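Engineer: just the structure for this:
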Amino acid sequence: MDKKTLSFQAEVKQILHLVTHSLYSNKEIFLRELISNASDACDKLRFEALNDAALYEDAPNLEVRVDYDAEARTITITDNGIGLSADEAVANLGTIAKSGTREFMAALEGDQKKDAQLIGQFGVGFYSGFIVADRITVESRRAGLPATEGVRWSSEGTGEFEVEAIERAARGTSVILHLREGEDEFLSQWKLKSTIGKYSDHISLPVLMRKEEWDAEAKQQVRRDEWEPVNKASALWTRAKSEITPEQYDEFYKQLSYDSEPPLAYTHNRVEGRTEYTQLLYVPKKAPFDLWNRDKRGGVKLYVKRVFIMDDAEALMPVYLRFVKGVIDSADLPLNVSRELLQESRDVKAIREGSTKRVLGMLEALADSEDEAERAKYAAFWKDFGTVLKEGIGEDFANRERLAKLFRFASTHADEGVSLADYVARMKEGQEAIYVITADSLAAARNSPQLEIFRKKGLEVLLLVDRVDEWLLSHLHEFEGKPLQSVAKGAVDLGKLQDEAEKQQAEQAAEAFKPVLERLKTALKDRAKDVRVTTRLVDSPACLVAEEGDMSGHLARLLKQAGQQAPASQPILEVNPEHALVRRLEGSERFDDLAQVLFDQALLAEGGQLEDPAAYVKRVNAMLLGA
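Structural biologist: As a prediction, the model looks like this:
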């Protein structure tokens, strides 16, 4: 193949511009990225060689070599992994197929001093080389191809790159960085070695550098043509917990997740029995940018007998725990495991169940800790991940009770952090249900007229304002034997909390107000299923409630916003006969208009939207003028 000059994909040009024109707080990250890519290439060779051992050629020992040339001002990272063909070099180094590129660019454009941890997070690790280099040359040959089919790729990180055929005896890839002015600190054995120790100590194959020894005669360090490992070259999860420091656990997490912060919590266990596996699982501190995308493949890395199999083993972790990062290394799964087998395997089910319990155990330890700092960690976790964790109540029947104990809500007694156990512990004597209300916002929930009788009696109500909460209530019906009851559904039955005098007064008011109720039912026959005297209002004139078993107005609005058709159902209008506005109905010449205004105000108070706002304004204005 003759030398060709090709243009980068548009997104790559933008990324390269940002990389080469931004000041990074942590330039050494490029070495971690390139060594990580080299390790991935070796993993891919190991995997493909399961079916074709000839790919190892005459070099079965996989390794990564890091070398530098102070005179030429170059750093070279070489691996003997799967390598690249000419077509793959153009496709993989000239374009980006990974989603998230736009988000990556937006994240960098917002702050020119952003840490380069972002590089790896969005799958553009190779281009991090341009942080320190003004030219990168890649020489490679794919395993299985003849030596004459090597390829050289080079670019100065502007708009173009060159590709040409070369002869390369060794399979694998060499990435040669030609350092830009001012980056000489990396032309040092000590600097490269310490950076590898910091970021790549846990790479599961040896990272080698030339031996460097003191020459007494020359009175200087001399580099030998011998290579020695500069990392531990053992998978972190295979080592005993007693041998691993918290700092090493943190660094491995950062390498695994491309997160710049240490994890919130982690668990490391070897599980023995019918199914044997090792798990090292992490819960992040902060939510990733794509947490809300349920369609994005998530999951932990799967190894079988320390052989890397796949990146996002979704079957090993439920969808509602998609934020968990980590590694699972199985001793029982076949090495040629496929995604189809993962979905059907009994061993995989056992691993999934065991891993789920471990993650929930980590969260429980934080949530129930006597240490205030640990509980504060859980509160921070809940703020970022609580909505996703709630999805588990309908997906994971086996752990429903454990999940319910982890949930936290706002209430009429507290702004946040109320657990169902807290609520039950402070229920009033004679209270038989856990009262809840759903709304679009905390303010709308807190100020809902449906809460008036509960506020008057000092009864705590949980305020559920996440979009998933209506769905949550359809799966979570009770907690510790106490039913969850929506204060906006059905008639209010406070049971023992309502004395006989109150019940009699309500019945008498309903009887005395019967003629007005009948007229209201006629006036609102197209909008309300029924009109009745309220037992829940104290200060407001009216409110809307859903009949038990019907869809709430809040859920109907959520479905409409999602473009789905909500089942047709009308609400019930409850009126407060003690309110001056309601009393004015009797003998009013504008009865029908006032009835419509009462209904519209009740709809607005619960967060609904008027079908005809202009008609509402017209009626209110007419009444104001009449007054």
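
Engineer: quick check: which element contains V175?
Structural biologist: In this structure, V175 sits in strand 172-179 according to DSSP states H and E.

Engineer: and the strands in the stretch 401-550 of the chain, which stretches?
Structural biologist: Ranges of strands within the stretch 401-550 of the chain are 410-411, 434-438, 462-464, 478-479, 482-486, 530-533, 542-545, based on DSSP state E, counting those that start in this stretch.

Engineer: nearest to D184, of those?
Structural biologist: strand 410-411 (56.0 Å; C-beta to C-beta). Heads up, the C-betas are built off the backbone N, CA and C, glycines and all.

Engineer: which other helices and strands does that closest one contact?
Structural biologist: For strand 410-411, the elements it packs on are strand 462-464, judged by 3 or more C-beta pairs under 8 Å, 6 or more residues apart in numbering; DSSP states H and E.

Engineer: distance from the chain centre to the strand it packs on, please.
Structural biologist: 23 Å (C-alpha atoms, centre = their mean, to the nearest Å).

Engineer: quick check: mean pLDDT of that strand?
Structural biologist: Across strand 462-464, the average pLDDT comes to 95.

Engineer: all further residue positions should be reported with the first residue as 15.
Structural biologist: Understood, numbering begins at 15; the last thing we discussed is strand 476-478.

Engineer: name the strands paired with that strand and say parallel or antiparallel.
Structural biologist: As defined by DSSP bridges, the strand partners of strand 476-478 come to strand 424-425 (antiparallel), strand 448-452 (parallel).

Engineer: hey, which of the ones you listed is tucked in deepest?
Structural biologist: The densest packing among those, expressed as mean neighbour count by mean count of other C-beta atoms under 10 Å, is seen in strand 448-452 with a mean of 24.

Engineer: can you add mean pLDDT and distance to V152 and give the strands paired with strand 476-478 back as JSON lines?
Structural biologist: Supplementary listing: the strands paired with strand 476-478 in JSON lines, determined by pLDDT from 0 to 100; distance: least, C-beta to C-beta, whole Å:
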{"stretch": "strand 424-425", "mean pLDDT": "94", "distance to V152": "54"}
{"stretch": "strand 448-452", "mean pLDDT": "93", "distance to V152": "56"}
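
Engineer: do you know which of the ones you listed lies nearest K404?
Structural biologist: Using C-beta to C-beta as the criterion, the shortest distance between K404 and the strands paired with strand 476-478 is 12.5 Å, found for strand 448-452.

Engineer: looking at the strands paired with strand 476-478, which is nearest to G158?
Structural biologist: For the strands paired with strand 476-478, proximity to G158 was assessed by C-beta to C-beta; strand 448-452 is nearest, at 59.7 Å.

Engineer: what about that closest one, distance to the chain center?
Structural biologist: Using C-alpha atoms, centre = their mean, we find the averaged C-alpha position of strand 448-452 to lie 27 Å away from the chain's own average C-alpha position.

Engineer: now the strands paired with strand 476-478 in JSON lines, with distance to A439?
Structural biologist: As requested, the strands paired with strand 476-478 are exported to JSON lines (distance: least, C-beta to C-beta, whole Å):
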{"stretch": "strand 424-425", "distance to A439": "13"}
{"stretch": "strand 448-452", "distance to A439": "12"}
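
Engineer: pull the longest helix from the chain.
Structural biologist: With residue count as the measure and DSSP state H as the assignment, the chain has helix 360-381 as its longest helix.

Engineer: now that helix - C-alpha only, CSV.
Structural biologist: Only the C-alpha atoms of helix 360-381 are listed here, as CSV (Å, rounded to 0.1, in the frame of the first residue of the first chain):
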residue,chain,number,x,y,z
ARG,A,360,-27.5,-21.3,36.2
ASP,A,361,-24.1,-20.3,37.4
VAL,A,362,-24.5,-16.8,36.1
LYS,A,363,-27.8,-16.5,38.0
ALA,A,364,-26.0,-17.5,41.2
ILE,A,365,-23.3,-14.9,40.5
ARG,A,366,-25.8,-12.2,39.8
GLU,A,367,-27.8,-13.0,43.0
GLY,A,368,-24.6,-13.1,45.1
SER,A,369,-23.3,-9.8,43.6
THR,A,370,-26.6,-8.0,44.1
LYS,A,371,-26.7,-9.0,47.8
ARG,A,372,-23.1,-7.8,48.2
VAL,A,373,-23.9,-4.4,46.7
LEU,A,374,-27.1,-4.0,48.8
GLY,A,375,-25.0,-5.1,51.9
MET,A,376,-22.5,-2.2,51.2
LEU,A,377,-25.3,0.3,51.0
GLU,A,378,-27.0,-1.1,54.1
ALA,A,379,-23.7,-0.8,56.0
LEU,A,380,-23.5,2.9,55.1
ALA,A,381,-27.2,3.7,55.7
